[in-house]
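Chemist: give me a 3D structure for the following:
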Amino acid sequence: QVHLVESGGGSVQAGGSLRLSCEVSGKTYMINSMGWFRQAPGKGREGIAVATSNGQTFYTDSVKGRFTISKDKRTLYLQMNDLKPDDTAMYYCAVRPNVASVNLDQDVFTYWGVGTQVIVSS
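Modeler: Numbers count the residues shown, from 1 in each chain. Next comes the predicted model:
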């Protein structure tokens with residue numbers, strides 16, 4: 001079992017920055033892929049960034065060049081710069097055990113946090 005807790009969300013003006021954190025506990029040795037997802041009001045959940053245990057990263061086009069995913073032993077981070085109102089969403093971290101892949105299909109991620117809210121005002 002793996003337990004995830006996100007933090008770092010909040011309200012910022014357009015152009016500002018936030019850093020999200022996701023603390024991971026439990027059977028962390030199982031984890032090979034860690035990702036960030038978001039769900040905007042009235043929309044489906046989308047994958048935005050993923051990092052693997054073998055050093056690969058991948059970003060969706062909407063955040064490429066503005067967001068950076070990183071991790072240390074027990075925490076996953078998402079540095080978000082140049083935030084836009086369209087970035088307003090609930091942000092979730094998720095992990096995929098046993099497979100190191102940059103696949104951002106949410107169906108392959110097994111463990112999820114409860115989310116942290118990001119609001120970007122214009």
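
Chemist: touching, Ser62 and Lys43? I think so.
Modeler: No. Using CB atoms under 8 Å, Ser62 is not in contact with Lys43, being 11.9 Å away. The way it works is simple: take the backbone N, C-alpha and C, and place the C-beta from them, glycine included.

Chemist: which parts of the protein are strands?
Modeler: 2-7, 10-13, 18-26, 31-39, 45-52, 57-59, 67-71, 75-80, 89-97, 111-112, 116-121 (DSSP state E).

Chemist: any low-confidence regions in the protein?
Modeler: Scanning the chain for pLDDT under 70 picks out no residues.

Chemist: got a list of what the spatially most central residue of the chain touches?
Modeler: In the chain, the residue lying closest to the centroid (CA atoms, centre = their mean) is Trp36, at 1.9 Å. The neighbours of Trp36, taking CB atoms under 8 Å, 6 or more residues apart in numbering as the test, are 20, 22, 47-50, 67, 69, 76, 78, 91-94.

Chemist: can I have the buried ones of these as a PyMOL selection?
Modeler: With 16 or more other CB atoms under 10 Å as the burial test, the buried ones among these are selected in PyMOL as follows:
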select buried, resi 20+22+47+48+49+50+67+69+76+78+91+92+93+94
